[in-house]
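A.B. asks: Sequence plus predicted model, see below.
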Amino acid sequence: MSNLKKIGILGGTFDPPHVGHLKLASHFAKVLHLDELLLIPSGEPWQKYSGITPAEIRFELTHAAGIELARAFLYLKIPTQIGIDRIEIDRAGPSYAIDTVKALRDRFGSAASVTWLMGADSLINLPTWKSWQDLCKYVNVAVASRPNHDLQSEISPTLNQFLQEHQTNQLFTLENSPAGRIYIDNSLSVDLSSTKLREHLNSPSRNSITPEQIPSNILQIITNLNLYQ
């Protein structure tokens, strides 16, 4: 096992956070032996839909997700520490991942292994991110497969070339690399999305949402604040 400090980053709109986020976080915290995992809700997600829930409310929802994740880590005996980070909410202007990874690299130093966690859908859309090809200068990337996303057929030629240059099939490579490596994990497949859950919450079947989709403590906040109606 690597002696490098290992940091995981799970960024996103978290509008709302759901069990898919928690399963992805738990999986990579365990297999990458993460010392710390940061959940980073975006401040102004420039690629997202209009009418996004205000950042402070999404931070509250993400904080509740962190509490639920801590319970899961305790039960699963995963020693990873969890933090809810305001770095994108407190930074003025659109939230770009490249700005975040640069700031986190400065925070953790050049020697730490820092890995951005994402689903396959985010990887497919990676070429639309600002300065996306520079991300691997600052972090590794760990990708969880998702149902209905065939990476081989959906990724662009440019992204495919990028993967050929950076992809590894060995988890320990990420643990021993401060940045620059991409690992695609096909063992985790969760079919949940915030978009579909918002649509469900805004429908007559709202009350059929279960804790297997959105944790009960997050559902309670959503109900108390009358969100997504």
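C.D. replies: In hand now; what should we look at?
A.B. asks: Determine the set of other helices and strands touching the helix-or-strand element of the chain with minimal mean pLDDT.
C.D. replies: Across the helices and strands of the chain, mean confidence by mean pLDDT, DSSP states H and E is lowest for helix 151-154: a mean of 80. Here helix 151-154 touches helix 120-124, going by 3 or more Cβ pairs under 8 Å, 6 or more residues apart in numbering; DSSP states H and E. Where C-beta positions appear, they are placed from N, C-alpha and C, glycine not excepted.
A.B. asks: what does the helix it packs on contact?
C.D. replies: With Cβ atoms under 8 Å, 6 or more residues apart in numbering as the test, helix 120-124 has contacts from Val141, Val143, Ala144, Ser145, Arg146, His149, Leu151, Glu154, Ile155, Leu159, Ile184, Ser193.
A.B. asks: ok, 10 Å please
C.D. replies: Outside helix 120-124, the residues that touch it by Cβ atoms under 10 Å, 6 or more residues apart in numbering are 11-12, 97, 116, 129, 141, 143-151, 154-156, 159, 163, 182, 184-186, 189, 193.
A.B. asks: before we move on, the earlier item: outside of the least confident helix or strand of the chain, which residues touch it?
C.D. replies: Helix 151-154 has contacts (Cβ under 10 Å, 6+ apart) with 120-121, 123-125, 143, 145, 148, 159-160, 163, 184, 186.
A.B. asks: so can I have TSV of the residues you listed showing neighbour count?
C.D. replies: Shown next, in TSV, are the contacts of helix 151-154 (neighbours: other Cβ atoms under 10 Å):
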residue	neighbour count
Ala120	22
Asp121	14
Leu123	22
Ile124	18
Asn125	16
Val143	26
Ser145	17
Asn148	9
Leu159	18
Asn160	12
Leu163	17
Ile184	16
Asn186	10
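A.B. asks: all strands in the chain, in order from the N-terminus.
C.D. replies: With DSSP state E as the criterion, the chain has strands at 6-12, 36-41, 81-84, 113-119, 140-144, 182-185.
A.B. asks: quick one: buried residues of the least confident helix or strand of the chain?
C.D. replies: Buried residues in helix 151-154, defined by neighbour count with 16 or more other Cβ atoms under 10 Å: Leu151.
A.B. asks: Let's see it as PDB, backbone CA atoms only.
C.D. replies: The C-alpha trace of helix 151-154 is given here as PDB (Å, rounded to 0.1, in the frame of the first residue of the first chain):
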ATOM      1  CA  LEU A 151     -18.000   4.000 -23.200                       C
ATOM      2  CA  GLN A 152     -16.600   2.300 -26.200                       C
ATOM      3  CA  SER A 153     -19.300   3.600 -28.500                       C
ATOM      4  CA  GLU A 154     -20.000   7.000 -26.700                       C
END
